[in-house]
Every structure is written in C-alpha cells, then in structure tokens.
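1. I'd like to go over a predicted model; first the sequence, then the structure.
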Amino acid sequence: MTGYTLTATVARPYEAAVADVRAALADQGFGVLTEIDLRATLAAKLGVEVAPQVILGACRPPLAHRALEIDPSVATMLPCNVVVRAVDEHTTVVEAFDPAAMTALAGDDLAGVADEARTRLTAALAALDED
C-alpha cells in the first residue's frame, strides 16, 4: 500500500485480470459504472504509448448513499477508482483508491463507510490471489 491505494500484483495476463477484477468487485457488491481505457485515450489525445491499463469506476450503492448522507461533497470522490495495469504479458497490477484516505479529506464521520468499503475492496483484491 502506498498510503492511498490498496494494491495486488497478480500472475495473469492483463485481459484475464480485467475480467477477474470485474468478477471480484461484483462478488463484493460493486458495479462498474465507468471505464476509461487509459492506453487508448493517451494514444488518441497525445500520440503516446503506455502499457494497457483501465480505470474502472466501481460503486456499491448502499455505501455511496450512506457516505452522501454524511457529507454530500463526498460525491467528488465517487465512484471508487480501481486501476488494472499490465506490467508484462504475464503480470498485472491492480490498485484501488483506499477509502480510508477519504477520512483524511472529509473527516472521521465517514470512518464507518470507509471501513466497510475498504474491507470489501481488500476482499476483492485478495480474491484475485485465490484464482
């Protein structure tokens, strides 16, 4: 963990890892609301090549609703971003924004929501190692 991310490195190709991350998130009650293909976007906008990577905007509606009831401005930190990035053809890194970092930005009132979101994201990342 870098201080604001939860990280897992998995021994599988990028495309398989993306599918597995989607499944692991779903198992924890998250839906993917948005998807940004960073490789395609940077190639189109800047003409640069980067490793395959995608940002998945994951949301668990009950958690989002609880957080918004506490602090409507927390919407600026939603959905939970999960990045899947190829390291090489057999290794992929998966990183998620650590919801615990929200409390540093928005206050301790969000601690319960952040703890549950962190527990679920950590479980999703741990499930990737079980495959």
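-> Thanks, I have the structure now.
2. From now on I want contacts and neighbour counts done on CA atoms only, so please keep to that.
-> Fine.
3. neighbours around residue 15, how many?
-> Each residue near residue 15 was counted by other Cα atoms under 10 Å, and the total is 16.
4. Correction: the previous question concerned residue 62.
-> Quick note: residue 62 (other Cα under 10 Å) scores 12 neighbours.
5. quick check, it in a helix?
-> Yes: residue state for residue 62 (DSSP: H, G, I helix; E, B strand; the rest coil) corresponds to a helix.
6. Check the gap between the residue with the largest distance to the centre of the chain and residue 104 for me.
-> Distance from the C-alpha centroid of the chain peaks at residue 47, with 26.0 Å (Cα atoms, centre = their mean). Using Cα to Cα, to the nearest Å, residue 47 is found at 36 Å from residue 104.
7. Equivalent analysis for residue 122, please.
-> 19 Å.
8. Quick check on the two: which one has the bigger neighbour count.
-> Between residue 122 and residue 104, counted using other Cα under 10 Å, the more crowded position is residue 122 (18 against 11).
9. three-state assignment of that one?
-> Quick answer, by three-state DSSP: residue 122 is helix.
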